[in-house]
Structures are given as structure tokens and as C-alpha cells.
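J.: My questions concern the predicted model and sequence given below.
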Amino acid sequence: MTWSAVLLVTAVVWAISVIRSVRLRALIYSLPLPMTLALVSTGSQVDGAQLFGVLGLNLFFVTVAVTHQRLRWPILIADGAGIAVYVALSAGLLAVPIPFEVALGATLVLWLAAMLLLRRRAGSRIAASAPGADSGS
């Protein structure tokens, strides 16, 4: 990676860190597009494995959250599990050449599916916690 790419990625991370809303910041960090656009603008070669690597970062967070919160693993062991999943995914991605266009399309479809699933889950939780939801009236 060139110095200009490093500086641009640093600037993108800083700009995102200025956003006050934690939810919005997390959403932007979970998208592969800000970093990819930053790297492409510097002339760095971005391939499909890098896009899927951002999805792998989200898988890392999910792995840590599930193992720590639901399975009650200690945080260090949960972090280790997340790292193991990320490294395994990375090794698999690097073993196969993935065209950028295919990865971008798949990433956008997976992101849209995740957003729809999260919206549906949020809607069902709000409906379940509404007053009178349990009374059957």
C-alpha cells in the first residue's frame, strides 16, 4: 500500500470517528464501500478478497458477540474465536481469485439481505414490547 493510500484510509477512519451516533458509525464501518473507494482513488489495486474481508470483519464481530453474550465465554476466548474465524475466512478467500465485480455484487446483496433481516427483527421486537401485545386484545 502506498503512503497516499495509508493517509487516505486514515482520513476516512478519522472522518467516520467524528460521527456522534454510534449506530450510524457502526453502519458505515460495516460497509465495504468507504474503504474500497478510498483505496481505488489512490490507484491501489482492490480485488474481491478485500471486499469480502470487510464482510469477514463483520463476521468477527458477530462471532465475538455470540460467543461472549449468548454462550457466556470469557471475552478473551470469544476474541480468540472471532480471530480464528476471520483468519480461516481470509485464508479461504486468498486461495481463490475473486473478481471485483462479482464480489461487489455479492457484497451488496448480502448487505441488503442483512439490513432487511435486521429491520424485520427490530419491527417484531417493537411489536412484542408494545403495551397490550400480550393481552390478545
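T.: Received it, and whenever you're ready, just let me know what you need. Numbers count the residues shown, from 1 in each chain.
J.: Select the longest helix from this protein.
T.: Selection of the longest helix in the chain by residue count, based on DSSP state H, yields helix 100-129.
J.: Which elements pack onto that one?
T.: Under the contact criterion of 3 or more C-beta pairs under 8 Å, 6 or more residues apart in numbering; DSSP states H and E, helix 100-129 touches helix 48-65. All C-beta atoms are positioned from the backbone trio N, CA, C, and that covers glycine.
J.: please redo it, this time with the cut-off set to 10 Å
T.: helix 22-30, helix 33-41, helix 48-65 (3 or more C-beta pairs under 10 Å, 6 or more residues apart in numbering; DSSP states H and E).
J.: Could you identify which of the ones you listed has the lowest mean pLDDT?
T.: Comparing mean pLDDT across the helices and strands packed on helix 100-129, the weakest is helix 33-41, with a mean of 68.
J.: Please, which helix or strand holds Leu76?
T.: Assigned by DSSP states H and E, Leu76 belongs to helix 75-95.
J.: hmm, back to that, in the longest helix of the chain, which residues are buried?
T.: Neighbour-count burial for helix 100-129 flags Phe100, Ala103, Leu104, Thr107, Trp111 (criterion: 16 or more other C-beta atoms under 10 Å).
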